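A.B. asks: okay, structure incoming, though there's no sequence with it:
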């Protein structure tokens, strides 16, 4: 069965370190998304991609970067982790085009100490 | 600023009752609307999508869309304790915006 996976599921890191969160989908979806979820804010879009070599900034992109070298993967990098980036991170994917149903991975809980 | 607003709840209903969840949005060009269910500690799970005005039914769930009023709702009939979760409204145009969610508790 097609699925979307994230790793690691839990991560503790120190302020200032570079961290990369992995997202892998086997749906063969063109679109991939990264969100963070914090109490009181719901899901907020960090970055998204509509295909290989395409990346776009979302609502809360500062301090994060992504790259898309193939259809299956969209890794999220925190260049210099900050305590404000402690959150739960979800990756999602959808079919090509805008406004299609998104399917979410299991999430990564990141703690920056 | 594109906004998606939901009552945070908690909304509490007895088992077997109808739960009504509401959502309003600000971006008039929005074209796609979704309801997700999220259990505590889990990822959002898509339960309904709706693209045109009116009602869409799927089992015990009915989504209602009124683009003129910029309003979308979700009705859950015959609510069960297993429906207890946070329900997220999502609105799509050029990107997807999520509401903060409404926490629903169904009491046996």
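C.D. replies: Perfect, thanks for sending it. None of these values were measured; they are calculated from a predicted model.
A.B. asks: where does residue A:99 land on pLDDT?
C.D. replies: Listed pLDDT for residue A:99 reads 69.
A.B. asks: neighbours around residue A:79, how many?
C.D. replies: 12 (other C-beta atoms under 10 Å in any protein chain shown). No exception for glycine: its C-beta is placed from N, CA and C like everyone else's.
A.B. asks: so it touches residue A:63, yeah?
C.D. replies: Yes - shown here, residue A:79 and residue A:63 form a contact pair, counting by C-beta atoms under 8 Å, at 6.5 Å.
A.B. asks: paired strands for the lowest-mean-pLDDT helix or strand in chain B, with orientation please.
C.D. replies: Lowest on mean pLDDT, DSSP states H and E among the helices and strands of chain B sits strand B:96-98, with a mean of 88. Strand B:96-98 pairs in its sheet with strand B:85-92 (antiparallel), by DSSP bridges.
A.B. asks: now what about the strand it pairs with, what contacts it?
C.D. replies: Contacts with strand B:85-92, where a contact means C-beta atoms under 8 Å, 6 or more residues apart in numbering or on different chains, come from A:42-43, A:98-100, A:102, B:2, B:4, B:6, B:21, B:23, B:25, B:27, B:30-40, B:44, B:72, B:74, B:96-99, B:101-104.
A.B. asks: how about residue B:5, what does it touch?
C.D. replies: By C-beta under 8 Å, 6+ apart, residue B:5 lies in contact with B:23, B:24, B:25, B:99.
A.B. asks: stretch A:96-113 vs chain B: in contact?
C.D. replies: Yes - contact of stretch A:96-113 with chain B (C-beta under 8 Å from any C-beta of the partner chain) involves A:98, A:99, A:100, A:101, A:102, A:103, A:104, A:105, A:106, A:107.
A.B. asks: for that stretch, buried residues please.
C.D. replies: A:99, A:100, A:101, A:102, A:103, A:104, A:105, A:107, A:108, A:110, A:112 (16 or more other C-beta atoms under 10 Å in any protein chain shown).
A.B. asks: repeat that for stretch B:7-15.
C.D. replies: Buried-residue list, stretch B:7-15, by 16+ other C-beta under 10 Å: B:11, B:13.
A.B. asks: what's it in contact with?
C.D. replies: B:19, B:21-22, B:79-81, B:100-108.
A.B. asks: and the gap between the residue lying farthest from the centre of chain B and residue A:35?
C.D. replies: For chain B, the residue at maximal distance from the C-alpha centroid (C-alpha atoms, centre = their mean) is residue B:108, at 21.9 Å. In this view, residue B:108 and residue A:35 are 33 Å apart by C-beta to C-beta, to the nearest Å.
A.B. asks: what's the answer for residue B:84, then?
C.D. replies: 23 Å.
A.B. asks: in PyMOL, how would I select just the buried ones from the contacts of stretch B:7-15?
C.D. replies: Applying 16+ other C-beta under 10 Å to the contacts of stretch B:7-15 leaves a buried subset, and the PyMOL line that selects it is:
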select buried, chain B and resi 19+21+22+79+100+101+102+103+104+106
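A.B. asks: in strands, which of the contacts of stretch B:7-15 appear?
C.D. replies: B:19, B:21, B:22, B:102, B:103, B:104, B:105, B:106, B:107 (DSSP state E).
A.B. asks: can you tell me which of these is nearest chain A?
C.D. replies: Of all the ones in strands among the contacts of stretch B:7-15, chain A sits closest to residue B:102, with 10.6 Å by C-beta to the nearest C-beta.
A.B. asks: look at that closest one and report its pLDDT.
C.D. replies: On the pLDDT scale, residue B:102 gets 95.
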